[in-house]
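Engineer: Quick one, what's the 3D model for this:
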Amino acid sequence: MKKISIKDINSVKLPKDVIIRCGLRTNGDIHLGNIFPIVTGFIIAKQLAAKGKNVKLVVALVDLEFVNDNEKPFVYQKDLFGCHKNLAQHSSAIILDFINKISKKFPQIKVSTHTTSSLLKDRSVREILVNCARNKNFRGLIKVICPISKQTTAAFNIIGRKVNFSCACENNQSILINKIEFAAEHDLLGVIETEYFRPDIHILGRDHVLKNKRRLSRLDYREKYTQELFNDFGRPFIFLTPLLVDNSGRKMSKTDKKGIFLSDLKKEFGKEYIDGILHFVDKNINKKRIQIKKISEIS
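Structural biologist: Prediction:
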């Protein structure tokens, strides 16, 4: 794997058919930091299409991720906004509407979206995850979902074709491996999808990489596991998007109730909000860090 910037796009060796992968968590309202990798994907895809490449942009909607111990994945969390069946559906509806609108400006690009939960129904993807679950190096990065409480638990082991687990809700069971539901840490899901889709360019948020840098270097799974998969042809290339910070220099995040949300941008720019976002991303795509003091700066 090799990190690239926008200026490298025209010089890296890529096949005629190019796959670009990016993704985001479906854990609430969608803000500028969430969509930055997606918009970056469209911009890179446009450059490659202009050079005669057939480009496909794959967008992952991560709904079977765990964040804390004994927490329900987003697909099983209540939609606090009260308009969808669960939190993941709330986020997915917003991002799918955004992708539909921005896709009209890039008709030459094929776009594919999927949720983690739907992808894990694919037998080959599930086998990758189960193989990771059997690997001690991935311990802690994968959990099982209790069928009763829908909470995640790391207290499990796989013996043959069965998964034995213990949940905080006092549910202790042994379930056939093809019947149990798994949740995985965000980066590991990216690795699994990298093996499945074989993307040529993998877009990641710089903030997520920095946040997990110590743990990633300790487990070293991203470098070793993924590099082994693509050793023969030296891909995927990794493209990092900027870290977005507020007026005080702190990272914008939904957890801290900070961020510029799509709803804010619609109010500020009206029907032209897509053009405003495209211009902002294109202007800042090479930066490592962007400080946004007020929403009017995004134009």
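
Engineer: okay, CA-based contacts and neighbour counts for the rest of this
Structural biologist: Will do.

Engineer: Would you map the strands across the stretch 51-200 of the chain?
Structural biologist: 54-62, 110-115, 142-145, 152-153, 156-159, 162-166, 172-176, 181-184 (DSSP state E, counting those that start in this stretch).

Engineer: okay if I get those as TSV plus distance to Asp69 and mean neighbour count?
Structural biologist: Formatted as TSV, those follow (distance: least, Cα to Cα, whole Å; neighbours: other Cα atoms under 10 Å):
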stretch	distance to Asp69	mean neighbour count
strand 54-62	17	22
strand 110-115	22	16
strand 142-145	9	25
strand 152-153	7	26
strand 156-159	13	16
strand 162-166	13	18
strand 172-176	17	15
strand 181-184	11	24
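
Engineer: Switch the ones you listed over to JSON lines; also include distance to Lys104.
Structural biologist: Formatted as JSON lines, those follow (distance: least, Cα to Cα, whole Å):
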{"stretch": "strand 54-62", "distance to Lys104": "14"}
{"stretch": "strand 110-115", "distance to Lys104": "11"}
{"stretch": "strand 142-145", "distance to Lys104": "37"}
{"stretch": "strand 152-153", "distance to Lys104": "39"}
{"stretch": "strand 156-159", "distance to Lys104": "46"}
{"stretch": "strand 162-166", "distance to Lys104": "45"}
{"stretch": "strand 172-176", "distance to Lys104": "45"}
{"stretch": "strand 181-184", "distance to Lys104": "33"}
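
Engineer: where along the protein do the helices fall?
Structural biologist: 32-50, 87-103, 116-119, 123-134, 186-197, 206-211, 213-219, 221-229, 262-269, 273-284 (DSSP state H).

Engineer: which residues are contacting the longest one?
Structural biologist: With contacts defined as Cα atoms under 8 Å, 6 or more residues apart in numbering, helix 32-50 is touched by 6, 9-10, 20-25, 54-57, 59, 106, 108-109, 203-205, 241, 243-244, 252-253, 259-262, 278, 281-282, 285.

Engineer: What subset of those is buried?
Structural biologist: Buried members of these, scored by 16 or more other Cα atoms under 10 Å, are 6, 9, 20-25, 54-57, 59, 109, 203-205, 241, 243-244, 252-253, 259-262, 278, 281-282, 285.

Engineer: just to revisit the earlier point, the strands of the stretch 51-200 of the chain: which one's closest to Arg289?
Structural biologist: strand 54-62 (23.2 Å; Cα to Cα).

Engineer: other SSEs contacting the closest one?
Structural biologist: Packed against strand 54-62, as judged by 3 or more Cα pairs under 8 Å, 6 or more residues apart in numbering; DSSP states H and E, are the following elements: strand 17-25, helix 32-50, strand 110-115, helix 116-119.

Engineer: ok, and what's touching that strand?
Structural biologist: 16-26, 38, 41-42, 45, 48-49, 92, 109-117, 186.

Engineer: mind redoing it with 6 Å?
Structural biologist: By Cα atoms under 6 Å, 6 or more residues apart in numbering, the surrounding residues in contact with strand 54-62 are 17-26, 109-116.

Engineer: partners of that strand, with directions?
Structural biologist: strand 17-25 (parallel), strand 110-115 (parallel) (DSSP bridges).
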